[in-house]
Every structure is written in C-alpha cells, then in structure tokens.
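# One predicted model, sequence on top.
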Amino acid sequence: MRTDAPFLLVLAPVLALALGALAWRARRARVRLATAWSDALGQRARGTNRYGWMVFGVTGVLLGVGLAGPRGGRLDVDATSRALNLVIGVDLSRSMLAEDVAPNRLGRAVREARRLSQDLAQDRIGLLGFAGSSYILAPLTLDHAAVELHLTALDPDLASEGGTNLARVLRQGAEVLDGAGQGGDRALVLFTDGETHDSLSESIAAAAALREVGVTLVLVSVGDTVPVRIPLRDPGGRRIGDQQTAEGTPVETRRRDDLLRPVAEAAGGTVVSATVQNQSDVVVGILRDLARAPARERRAQDRRPLAWVTALLAALLLVPPGDGRAQFLQTDQLAVMGLAGAQGGDRGFGDGGRGVEIGIADREDDHVPAGALVGLGAVMDIPGGEALPLQAVDQRRETHATLEFLNAAQTARPRCRGQVAGSNRGTSWKMVVE
C-alpha cells in the first residue's frame, strides 16, 4: 500500500493523542458534574463509556491515515482514443554520453522524447532502446506514464551489446508496428547521433523495407559535427577521465548527418537537424497529417484510493449501529453530559439559582428514553420545597420521548410544572420542581 502524502502520516498519532485526551477530559468532567448532583448518578456515570477515549484515539489514527491518501490493490481501466501508432527509439551507445549538448546527447534525446510523448497524448506510443542490439522497453500503449517512466531510466548500461546497429532497430521498429492491430497510421522516430557500426547498405535496405509497408520514418539527430571526447564520471558525477580504446587512445565522437540522410531518403522520411531548438515540435508537425483511427485498450492500474475505508471505519466507531441499544457512545452518556449549571455556575442547589439542562440522547427500550430515566432520578434527588428550573433537549428530535419524560417527572412529583416548547436545538421543555 502507498500513500499520496506520506508526510501526513505523522498526523495520525498526533490526532489520536489529541482526540483521546479530549475524550478523557470530557469523561472526567461528566463524572464530576454527575457526582455533584448525587452519588448515585455519579456512580452510574463512572460505569458508562469507560473506554470512549480509546475509541476517539483509534478514530484519530484512522483520520490521520485517511488524510495521507492511502492507495492499494489493482483497478482495470479502459482507455479509448483516436490514435496513430508511434514507436520511439533512443540510441543508448556510449557515444550518447558526449557532452557537446547539454546535459549530454542522451539527456537531450530523453528530454525531446518525453516532450513528444506529452504532445501526442492521444496516440499509442512504444519505446525501443538500441545500441549493438535493439530492445523493446515498452509495447504500443496509451499509457504514456509508463513510457515516460522508462525514458527516465534510460542509460547505456541497459544495453548488453556496445556499438550502434541502426539496421536492427529499423527492423524491430517495423515488427512492433506490424503487430499494432488497431489505430491509424504508423511512424518510427529514432533519436541518434548517427554513428553506426553496421554497413550503410544494410541500414538503407532496412529503411527501404519501412517505406514498402507504409511506415513513416523520422530521424532526430543529436550532438555536434565537431569531434569531442566521451567523458567518464564517478557515481558522484565528478569527471575522472575520458573513454579510451584498448590501445589507450581517447575515443572521439561526432554527429554523422552524412549517414542519417541516405537512410531517411531510402524510407521517404525526414531528418530533424540537431540545430533545431525544439526538435519535438518539428516531429509533431510531421506526424500531424498522419491518419488516426480508434484504438482501445484495457490495462491494470495500481493503487486504488482507499481513504474511504478509513472514513468508514471511523464512522462505524463513532456511530455504532443499533436502535437505542447501549454502545460505547450511545447509552445515557449524552444525557449525563447535559447536566450543567445553566445559570448559577457552581452555586449549590439550595440557593435556587441553579438551572439544569438534561439531554435525552437514547432509549433503553421502546418506550422510556434513557435520558428521561437519568433526568427523573435527578428530579427525585431534589429536596422538597426547592424551585429548580430544568430544560431537557431531545437529541433525536422525538417529541414523544420528551413528553414521556415530562409525564414521568410529574407522576413522581405531582407539583412539577412543565411546558413543552420548540427551540433551535430540538424539542425542549421547562419545569419547576416545588
């Protein structure tokens, strides 16, 4: 499994500690307020929701992981487009390490090939690497991200055979395009300095075969015509010398347009000069007039988004299933948390200045809400002769539950006076106990 933003994973323990600490403090406050009302109510409050802080801590972990954007698994994706079939070949011979262009010939070729992939986003693209032999790095596909990933990793060490054999890559490019099966016209674009080690006649014959089967050939030249040495660098990028022959003579290389032009002419193709600043733009212009046809493919895509899983688990923890049955966060805890001084703060019951709010949060059975039972116990604990304004809020907005509470309280204390009223917090009632 991977995440879109791994650094956000550090929020998971922070959120767990924060939410767990808040829940723990809230429970302590609830128990303290319930005990201040009566010992019996305090005992009941201590016995409920003992592990709520753990639930909130786990929820914090889930939220932190969800924010990091977890991904996993595989997803089949259908891609369709009106496309032509394009194979890109990049020269991986050692001469492509010459630094007569920045950063070197291979770096320039990779940069232009990547731009070409981005500019032809609707087309099917394949990738070849070639030196003494030719290698298929990516088959024809609409998944350009995969092609660009291979482009980034290109290096002369990928080629098991040195030198440059242009005829082999021309033939393999024709084979890949011949198996296209769908899409429109076919084109082969090669990035090379032209220093081939096969015979010119062999390359011309392979190019002529491309023309016969209707493949458009574009040769993109890189490098300079002035001979330069091929540097050797250590893993840190420091130059430690130059490439040499077996006799110890420094190897020099130059761009060979004189070999590329006859090959392109044999195929009826084009050579894009190395002096052009944006070679990919020229290639796009050449390919623009080629015919495109519908192409479709299905591919497996990794890393399906999984943030919904953590969100679902968090929701299940905070909102357990059930219809009024005792759970971690359901029982009567919300009713007990509603016990607070609405007017008199910490003043005692006997001064008549303390108001009490009792929330009706849940049911114990089909008739009597649990919050009503807690409120009824509070009413019964009030010494006779005291006037105490109370307000109960039905958290579930069930009017009949509030009426049951009021009726139960008036039955227990006949001289209770109550009134049902609506408020922006739900159905509420006020009563005075005498």
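Cool, got the structure. Residues are numbered from 1 along each chain as shown.
# wait, doesn't residue 273 sit right on residue 221?
Yes: with contact defined as C-beta atoms under 8 Å, residue 273 reaches residue 221; the gap is 6.3 Å. Every C-beta, even on glycine, is put in place using the N, C-alpha and C of the backbone.
# count of neighbours near residue 264?
Neighbourhood size, residue 264 [other C-beta atoms under 10 Å]: 20.
# Okay, and it sits in which element?
Using DSSP states H and E, residue 264 falls within helix 257-267.
# can you check residue 171 too?
Counting by DSSP H and E, residue 171 is part of helix 166-178.
# So which bits of stretch 7-14 are buried?
If you call a residue buried by 16 or more other C-beta atoms under 10 Å, then stretch 7-14 has these buried ones: 11, 12.
# Please list the residues outside that stretch that contact it.
By C-beta atoms under 8 Å, 6 or more residues apart in numbering, the residues outside stretch 7-14 that reach it are 3, 60, 61, 63, 64, 65, 67, 68, 69.
# With respect to residue 118, which of these is nearest?
The closest of the contacts of stretch 7-14 to residue 118 turns out to be residue 69 (C-beta to C-beta; 24.7 Å).
# any idea how far the closest one lies from residue 310?
When distance is defined by C-beta to C-beta, to the nearest Å, residue 69 is 10 Å away from residue 310.
# These two: who's more crowded?
Taking other C-beta under 10 Å, residue 69 and residue 310 do not tie; residue 310 has more neighbours (20 against 16).
# Give the other helices and strands that the helix or strand hosting the more buried one contacts.
Take DSSP H and E as the rule and residue 310 turns out to sit in helix 307-318. On a contact count with 3 or more C-beta pairs under 8 Å, 6 or more residues apart in numbering; DSSP states H and E, helix 307-318 meets helix 52-67, strand 70-83.
# what comes up buried for the longest one?
If I follow you right, that is helix 52-67. Going by neighbour count (16+ other C-beta under 10 Å), the buried part of helix 52-67 is 52-53, 55-67.
# Give me the below-cutoff pLDDT ranges for this protein.
Within the chain, the stretches with pLDDT under 70 are 1, 34, 37-38, 41, 73-76, 299-303, 319-434.
# can you tell me which residues contact the most centrally placed residue in it?
The residue lying closest to the centre of the chain (C-alpha atoms, centre = their mean) is residue 4, at 3.9 Å. Listed by C-beta under 8 Å, 6+ apart, the contact partners of residue 4 are 68, 69, 71.
# Contact partners for the second one?
Neighbouring residues of residue 69 by C-beta under 8 Å, 6+ apart: 3, 4, 5, 8, 305, 307.
# quick one, what contacts the third one?
For residue 5, the contacting residues are 67, 68, 69, by C-beta under 8 Å, 6+ apart.
# Compile the residues you listed into JSON lines and extend it with columns for distance to residue 141.
Shown next, in JSON lines, are the contacts of residue 5 (distance: C-beta to C-beta, whole Å):
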{"residue": "67", "distance to residue 141": "33"}
{"residue": "68", "distance to residue 141": "30"}
{"residue": "69", "distance to residue 141": "26"}
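# on that earlier part again, show me what counts as buried in the helix holding residue 310.
Neighbour-count burial for helix 307-318 flags 307, 310, 313, 314, 317 (criterion: 16+ other C-beta under 10 Å).
# Residue 124 touches residue 139, doesn't it?
No: with contact defined as C-beta under 8 Å, residue 124 does not count as touching residue 139 (9.2 Å).
# circling back to that earlier point, let me know the closest of the buried residues of helix 307-318 to residue 177.
Checking those one by one against residue 177 (C-beta to C-beta), the nearest turns out to be residue 307, at 41.6 Å.
# coming back round to it: I'd like to know which of the contacts of residue 69 are part of strands.
3, 305 (DSSP state E).
# Now the two most distant members of the contacts of residue 69.
8 and 305 (14.6 Å).
# and residue 138, how far is that from residue 308?
Remark: distance between residue 138 and residue 308 (C-beta to C-beta) = 32 Å.
# for residue 280, same thing?
Using C-beta to C-beta, residue 280 is found at 40 Å from residue 308.
# For residue 245, see how far away residue 229 is.
From residue 229 to residue 245 the distance is 12 Å (C-beta to C-beta).
# hey, what's in contact with both of these two?
Contacts common to residue 229 and residue 245, judged by C-beta under 8 Å, 6+ apart, are residue 251.
# the more surrounded of those two?
residue 229 (16 against 8).
# I'd say the more buried one and residue 254 touch.
No: if you go by C-beta under 8 Å, residue 229 and residue 254 don't touch, sitting 10.8 Å apart.
# what's the overlap in contacts for those two?
Common contacts of residue 229 and residue 254 (C-beta under 8 Å, 6+ apart): none found.
# thinking again about what came up before, which of the contacts of stretch 7-14 lies closest to residue 45?
Of all these, residue 45 sits closest to residue 60, with 23.9 Å by C-beta to C-beta.
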